[in-house]
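[1] Sequence first, then the predicted structure, then my questions.
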Amino acid sequence: MPSAMTIKDDTAPEIQYQKGVKQLYENGEVLQRVPKKYIFPPSERSSTNKEEPNVAMQNFQLPIIDFADLIGPNRSHVLQSLANACEKYGFFQVVNHSIADEVVRSMLDVNERFFDLPLEERAKYMTTDMRAPVRYGTSFSQTKDTVFCWRDFLKLLSHPLSDFIPLWPSSPVDFREVAATYAEETKHLFLTIMEAILESLGIKESNKEEETEGKDNILKDFENCSHMMVANFYPPCPEPNLTLGMPPHSDYGFLTLLLQDEVEGLQIQFQGKWVTIQPIPNAFIVNVGDHLEIFSNGKYKSVLHRVLVNEMKSRVSVTSLHSLPFNCSIRPSPKLINEENPKR
Ligand SMILES: O=C(O)CCC(=O)C(=O)O
Ligand SMILES: [Fe+2]
């Protein structure tokens with residue numbers, strides 16, 4: 001047991017750690033130090049030393065896409081901003097989107113209440129099976145991580161939605177209903193943004209071979225796409241500079257729609273530096289995933305991001321990850337390959 005903390009039950013620390021950081025935080029009578037298991041090497045930690053590359057750039061503004069403009073007469077202008085955001089930042093924020101504030105707030109709230117349930121209730125969904133429809137766990141890759149992250153999560157497979165809803169947590173009582181509405185609405189928002197992204201790449205118009213019921217195959221495939229939702233919970237951390245909520249990673253899919261509460265923590269890599277994304281209430285942060293980078297033949301960038309934790313407040317975020325069906329192969333769009341742009 002690490003000397004710096006006192007844990008109420010006498011289970012071995014390695015087993016304690018598997019139960020997650022929420023449990024650790026609540027069971028540590030005097031959790032004044034971060035256990036060794038969670039301490040990242042100095043080069044990977046966040047830094048306050050201005051000479052180091054890990055210090056956050058101040059006053060960074062992520063491009064903001066006004067969704068109302070995307071579906072209005074300014075569309076071509078907004079498509080240009082969208083292309084610029086995907087090439088230069090790999091991230092943008094969407095405001096005035098079609099999802100009601102109530103739906104967004106309820107999703108954060110119901111997940112907060114899920115993480116507040118007793119461990120026995122949450123532990124019903126603990127599994128290392130990557131294909132489980134519901135998976136509760138901790139860290140980033142629990143079975144592989146040597147250093148653990150200060151994060152617990154709940155992953156929900158969400159397509160086909162009606163197959164999965166009955167398998168999702170039944171507690172809190174309104175969990176399934178709130179999460180199902182959110183899943184439906186984010187899927188719709190994803191499809192609308194994806195259509196705009198294909199148009200911004202100049203590949204929306206269907207050609208003869210690809211025409212199926214008036215749509216490109218790819219757009220049609222997206223209606224049947226894979227959809228996973230991940231709720232992340234980051235409890236307060238006594239020594240936030242020693243650890244991370246999530247290590248640098250990129251997301252696998254085409255697009256991720258990310259919702260964060262009012263507590264900052266998300267950082268993205270921009271021009272070799274980490275920059276903090278300031279939360280805008282009820283806005284979505286959207287990022288390009290690896291599959292879109294491949295599909296766009298490297299034009300749009302899947303950018304590294306990470307999560308910092310803080311001493312004072314817990315933080316909740318929900319990501320909605322969308323891609324083609326899990327059994328599809330992803331390749332660069334033939335329409336983006338020519339002599340000047342060979343397949344990368
Ligand atoms: O919590 C966040 O802000 C980011 C979460 C994230 O990057 C992810 O779930 O892939
Ligand atoms: Fe991510």
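    In hand now; what should we look at? Numbers count the residues shown, from 1 in each chain. Ligands and ions are numbered 1, 2, ... in the order given.
[2] Let me know the secondary structure of residue 320.
    The assignment at residue 320 comes out as strand when based on DSSP: H, G, I helix; E, B strand; the rest coil.
[3] what are the ranges of the strands in this protein?
    Listed in chain order, the strands of the chain (DSSP state E) span 64-66, 91-95, 134-138, 152-157, 226-234, 246-249, 255-260, 266-270, 273-276, 284-288, 305-307, 315-323.
[4] Determine which of those strands approaches residue 187 most closely.
    Relative to residue 187, the nearest member of those by Cβ to Cβ is strand 226-234, separated by 5.9 Å. Just so you know, the C-beta spots here come from the backbone N, C-alpha and C atoms, and that holds for glycine as well.
[5] That closest one - contacts with which helices or strands?
    helix 101-116, strand 152-157, helix 175-200, strand 315-323 (3 or more Cβ pairs under 8 Å, 6 or more residues apart in numbering; DSSP states H and E).
[6] near ligand 1 at all, that strand?
    Yes. Against ligand 1, strand 226-234 shows contacts by Cβ under 6 Å from any ligand atom at 230, 232.
[7] Just give me how far that strand sits from the chain centre.
    Centre-to-centre, strand 226-234 and its host chain are 7 Å apart (Cα atoms, centre = their mean, to the nearest Å).
[8] ok, now stretch 112-126?
    Its chain's C-alpha centre and that of stretch 112-126 lie 20 Å apart, by Cα atoms, centre = their mean.
[9] Can you give me the end-to-end span of that stretch?
    Terminal residues of stretch 112-126 lie 17 Å apart, using Cα to Cα, to the nearest Å.
[10] Touching it from outside, list them.
    Applying Cβ atoms under 8 Å, 6 or more residues apart in numbering, the external contacts of stretch 112-126 come out as 19-20, 22-23, 132, 134-137, 152, 154, 169, 171-172, 175, 231, 233, 316.
[11] 10 Å instead, please
    Residues lying outside stretch 112-126 but in contact with it, judged by Cβ atoms under 10 Å, 6 or more residues apart in numbering, are 18-20, 22-23, 26-27, 132-138, 142, 152-156, 167-175, 178-179, 231-235, 261, 314, 316.
[12] Look up the closest residue to residue 268, ignoring the ones flanking it.
    Nearest-residue entry for residue 268: residue 305, 4.5 Å, with adjacent residues in sequence omitted and distances by Cβ to Cβ, 6 or more residues apart in numbering.
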